[in-house]
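S.K.: sharing a model prediction with you, sequence too.
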Amino acid sequence: MTVPLILASSSPFRRMLMNNAGLQFEAIPANIDERAIEAPLEKNGASPDAVALVLAKAKAKEVSDRFPGSLVIGSDQTMSLGDRVFHKPKTMADAENHLRSLSAQTHRLNSAIALALNGDVIWEHMSHAALTMRALSNEFITRHVNRVGEKALSSVGAYQLEGEGIQLFSKIDGDYFTIVGLPMLPLLEKLRELGTIDG
């Protein structure tokens, strides 16, 4: 099935993973209101996995409806600590509170991926990574957030593993692609199976 490939995302990190893998694709962000989709799910007690999967499928389907004949990749990631789902911090104080909650705990990154063709979701997948943060003092958290500045507001966990955020952790279980938010190994396997890329 040799069809054009579209990544339904504006994320530079996801685009970089696709480019690095040598894939030919277009990046076209989905036109959906993520918070409007998420809110009722969370209100009804949907799991972090379910929230990520619903959003990944919504992104893939919305772009697929606009570009029939293309294979569309939708992806989304949630971050959870037990039953609590985290959202991007809005303020520096929020970022510090995130890190206080995560200190000395193991949280999960839940990365969902979906493929849509002609408006139908034809495949979905879920990957997880478990990240254990070392015990952080309140003073260190304040210094760390002040050092990284606005970057603390750009990710759901208030950290960037590719930057100074790596200093916050004692253990990480899971692959890099799942952590960045696009599980490349299962995606590439499915694209080979479909004949979309050379196998």
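M.R.: In hand now; what should we look at?

S.K.: where along the chain do the helices fall?
M.R.: Ranges of helices in the chain, per DSSP state H, are 12-20, 34-43, 48-66, 92-102, 138-148, 176-180, 184-194.

S.K.: can you name every helix or strand that the longest one contacts?
M.R.: Using 3 or more Cβ pairs under 8 Å, 6 or more residues apart in numbering; DSSP states H and E as the contact criterion, the secondary-structure elements in contact with helix 48-66 are helix 34-43, strand 71-81, strand 106-117, strand 120-133. Using the backbone N, CA and C atoms, a C-beta is placed for each residue, glycine as well.

S.K.: related to what we said a few turns ago, nearest to Leu81, of the helices of the chain?
M.R.: helix 92-102 (6.5 Å; Cβ to Cβ).

S.K.: so which of the helices and strands packed on helix 48-66 is the most surrounded?
M.R.: strand 71-81 (a mean of 25; mean count of other Cβ atoms under 10 Å).

S.K.: where does pLDDT dip in the protein?
M.R.: Scanning the chain with the threshold set as pLDDT under 70 gives 1.

S.K.: among the helices of the chain, show me which one is buried the most.
M.R.: By mean neighbour count, with neighbours taken as mean count of other Cβ under 10 Å, helix 48-66 ranks first of those at a mean of 22.

S.K.: got a markdown table for the helices of the chain, with distance to Thr78 too?
M.R.: As requested, the helices of the chain are arranged in a markdown table below (distance: least, Cβ to Cβ, whole Å):
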| stretch | distance to Thr78 |
| --- | --- |
| helix 12-20 | 15 |
| helix 34-43 | 9 |
| helix 48-66 | 4 |
| helix 92-102 | 14 |
| helix 138-148 | 22 |
| helix 176-180 | 12 |
| helix 184-194 | 18 |
